[in-house]
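A.B. asks: Build me a model from this:
(one chain, ligands or ions: 1)
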Amino acid sequence: MDKDRLFEFFKKGMYKEIVEFFHEHVPEDQEEYILDALSYYNLGLVNDAVRTLKVGLISFPGDKDLLFNIVEILYNANMFDEAEKYAVQAINVEPDNYVYYDILATIYFSRNDKENGLRILKNALKYAPDNLVPQLIDKYSSVSEDCLYAKKYGFFPPPSFADISGYEVLLDTIIKEKLYLLEGDIVEIGAFLGGGTYKLSKLMEALGVDKIVYAIDTFDFRSDESTSTSGERMSDLYGEILKGRNQFDIYSKITMNCKNVVTLISDSKNVVLPCDKVCFAYIDGNHSPDYVRNDFYLVWNKLVSHGVVSFDDYGYDLPQVTKTIHKLIGEESERILKLWTAGGKRIFIEKE
Ligand SMILES: C[S@@+](CC[C@H](N)C(=O)[O-])C[C@H]1O[C@@H](n2cnc3c(N)ncnc32)[C@H](O)[C@@H]1O
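C.D. replies: Here you go, the predicted structure:
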């Protein structure tokens, strides 16, 4: 029987006839092995299908179509250990086929190996066609918190140690209050390890707005002499987190792919803000009253109408910060539209 006829049989669902034909005739090429294997598969004979493809791979080692079919069949039959083995082989042959990474990620997540699952999934997302990316993220969001995060914000979070105050409440505010639609850029005073800078930057990218994130920091964690009510010096707290590592090195690594970030390595009292307008600012730098005041006016005077300034450490364990914020609110009460707190120790001040 010639190949056209075999294909015709296959199209008509005459799987038994195909299997019987190959009982008498050894498949001559990859296509024939696949026709034979898929006929077995469609007859519910998974083991025979797999065996046929394995024999095919002996004659045609590394053939991409034989590998593709064996991986799909093993995976669909929940034979994950073997599917993994062949998917790894297939990736060596076709390193940019997202399907194999997708399959491997599912296998790892099914074993609760979230670290490898996410690592492999990121390759799937790298090679998948653009229109499939949201579907993939959606598919994994029930097993991966990072995917759930990406589904919500449009990007994967940086390592959690790099954001100490939790910027999600800021992201939520920017989205909810539509601050990204206002004129002006974003200013962050006190970037520390850059996790928050990364989040602000990537949110702007995900929202498709052309804004710069100005990140201001001395990158000298010893520069803050303030002490909390528990007697802990801020500089000691940062030192404990850094454990001897260099603050700026970590910041640079975390933010290295952030194209819209301008880093200003400076004491916030000496910095010249290069933009004319600000739509959102987050102040979490030096916690002494003169700096809280300086940092507020640095951004407040450039804040557009309906723009928002947020402070960290409001009403918490740095009473001098809270008191200074109260004074600033009093001074500027005529120009304030509204105030609110959220996310534990964050206060938001919206300009009229
Ligand atoms: C609390 S940390 C910032 C944490 C960051 N916002 C986060 O949540 O991940 C305070 C930062 O302010 C920086 N800093 C201290 N004094 C400063 C000053 N005078 N000017 C600019 N940055 C300063 C420190 O280097 C430190 O990185």
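
A.B. asks: From Leu67, how far off is Leu193?
C.D. replies: 43 Å (C-beta to C-beta, to the nearest Å). For the C-beta atoms, the positions are set from N, CA and C on the backbone; glycine is no exception.

A.B. asks: Neighbour count for the two, which is higher?
C.D. replies: Taking neighbours as other C-beta atoms under 10 Å, Leu193 and Leu67 compare with Leu193 leading, 28 against 25.

A.B. asks: Kindly state the pLDDT recorded for that one?
C.D. replies: Model confidence at Leu193, given as pLDDT, is 98.

A.B. asks: Can you verify my assumption that it contacts Ser160?
C.D. replies: No: with contact defined as C-beta atoms under 8 Å, Leu193 does not reach Ser160; the gap is 10.6 Å.

A.B. asks: Enumerate every residue touching the residue of the stretch 1-150 of the chain found nearest the ligand.
C.D. replies: Per C-beta to the nearest ligand atom, Tyr149 is where the stretch 1-150 of the chain lies closest to the ligand, at 16.6 Å. Applying C-beta atoms under 8 Å, 6 or more residues apart in numbering, one finds that Tyr149 lies in contact with Phe156, Pro157.

A.B. asks: What are the buried residues along stretch 144-158?
C.D. replies: Residues of stretch 144-158 classed as buried by neighbour count (16 or more other C-beta atoms under 10 Å): Ser144, Asp146, Cys147, Tyr149, Ala150, Tyr153, Gly154, Phe156, Pro157, Pro158.

A.B. asks: What's the end-to-end length of it?
C.D. replies: With C-alpha to C-alpha, to the nearest Å as the measure, stretch 144-158 spans 14 Å from end to end.

A.B. asks: Kindly report the residues of this structure close to the ligand.
C.D. replies: Proximity of the chain to the ligand, by C-beta under 6 Å from any ligand atom, involves residues 163-165, 190, 192, 195-196, 216-221, 223-224, 267-268, 284-286, 291.

A.B. asks: Show me which residues of the helix or strand hosting Leu136 are buried.
C.D. replies: Element membership for Leu136, per DSSP states H and E: helix 133-140. Neighbour counts using 16+ other C-beta under 10 Å place Leu136, Ile137, Lys139, Tyr140 of helix 133-140 among the buried residues.
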